[in-house]
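S.K.: Fold the stuff below for me.
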Amino acid sequence: GNNNSFFGTDSGRSNNADGNSFFGRSSGFDTTTGTSNAFFGLDAGRFNQTGSQNAFFGREAGFSNAVSGNSFFGYRAGFRNTTGGANSFFGENAGQANTGGSFNSFFGKFAGLSNTVGDANSFFGNLSGRDNTTGNFNSFFGESAGTLNTSGSNNSFVGDNAGNRNTTGFGNSFVGRSAG
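M.R.: Predicted structure coming up:
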């Protein structure tokens, strides 16, 4: 490949593509044809092969990623992501279990931690949406907002612990500390 920068043992080891920057041991290790990626941290983007236009910063961020257009920042952010695209995960373990969910925005430590295939969710605040696995189109804003939601969809929870008892409810709006 051309126009690449690799720093660290085994970073970019399998690379045949252009425009990649890998910094940290085994970062981008399996990338073969993915282009225009930036992986910074031990094992960041480790198993990415064909995904392009990704930015992973932090140890094991985007570790299993196989698609394009993701931004993962923080220790193990997007760790298990394989087929989910257009995601933004910021914070330690944010979106860690996500495998196929797309168009999600998780900001905060453990935000969206358990999400596997839920799409188009916005979780802002530490632990917000932590237990969500398959719920779609949710907006949780605040520390621990919607923490116990697993499959509920089309919910809006705003405030510290808002909607914290909802697990499968649909179409709810809770505003205020511990509302709902």
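S.K.: Might you report the residue contacts of G125?
M.R.: 107-108, 111, 140-145 (CB atoms under 8 Å, 6 or more residues apart in numbering). In this view, the C-beta of every residue, glycine as well, is placed from N, C-alpha and C.
S.K.: out of those residues, which are inside helices?
M.R.: With DSSP state H as the criterion, helices contain none of these.
S.K.: chain center to stretch 46-60: distance?
M.R.: Averaging C-alpha positions (CA atoms, centre = their mean, to the nearest Å) puts stretch 46-60 11 Å from its chain's average.
S.K.: Kindly report the same for stretch 157-164.
M.R.: Offset of stretch 157-164 from its chain centre (CA atoms, centre = their mean): 21 Å.
S.K.: Ok, stretch 32-51 next?
M.R.: Here the centre of mass of C-alpha atoms in stretch 32-51, compared against the chain's by CA atoms, centre = their mean, lies 15 Å away.
S.K.: Now it: buried residues?
M.R.: For stretch 32-51, burial by neighbour count (16 or more other CB atoms under 10 Å) applies to 34-35, 37-49, 51.
S.K.: Just the CA atoms from that stretch would do, formatted as PDB, please.
M.R.: Taking Å, rounded to 0.1, in the frame of the first residue of the first chain, the C-alpha atoms of stretch 32-51 are listed here in PDB:
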ATOM      1  CA  THR A  32      -5.900  -6.000   4.200                       C
ATOM      2  CA  THR A  33      -7.900  -3.700   1.800                       C
ATOM      3  CA  GLY A  34      -9.500  -1.200   4.200                       C
ATOM      4  CA  THR A  35      -8.400   2.400   3.400                       C
ATOM      5  CA  SER A  36      -8.200   5.700   5.200                       C
ATOM      6  CA  ASN A  37      -8.400   4.300   8.700                       C
ATOM      7  CA  ALA A  38      -6.800   5.800  11.900                       C
ATOM      8  CA  PHE A  39      -6.300   3.300  14.700                       C
ATOM      9  CA  PHE A  40      -4.400   4.400  17.900                       C
ATOM     10  CA  GLY A  41      -3.900   2.100  20.800                       C
ATOM     11  CA  LEU A  42      -2.900  -1.400  21.700                       C
ATOM     12  CA  ASP A  43      -5.000  -3.800  19.500                       C
ATOM     13  CA  ALA A  44      -7.200  -0.900  18.100                       C
ATOM     14  CA  GLY A  45      -8.900  -2.200  15.000                       C
ATOM     15  CA  ARG A  46      -7.100  -5.500  15.500                       C
ATOM     16  CA  PHE A  47      -9.400  -7.700  13.200                       C
ATOM     17  CA  ASN A  48     -10.500  -5.000  10.800                       C
ATOM     18  CA  GLN A  49      -9.900  -6.400   7.300                       C
ATOM     19  CA  THR A  50     -11.900  -4.400   4.700                       C
ATOM     20  CA  GLY A  51     -13.500  -1.600   6.800                       C
END
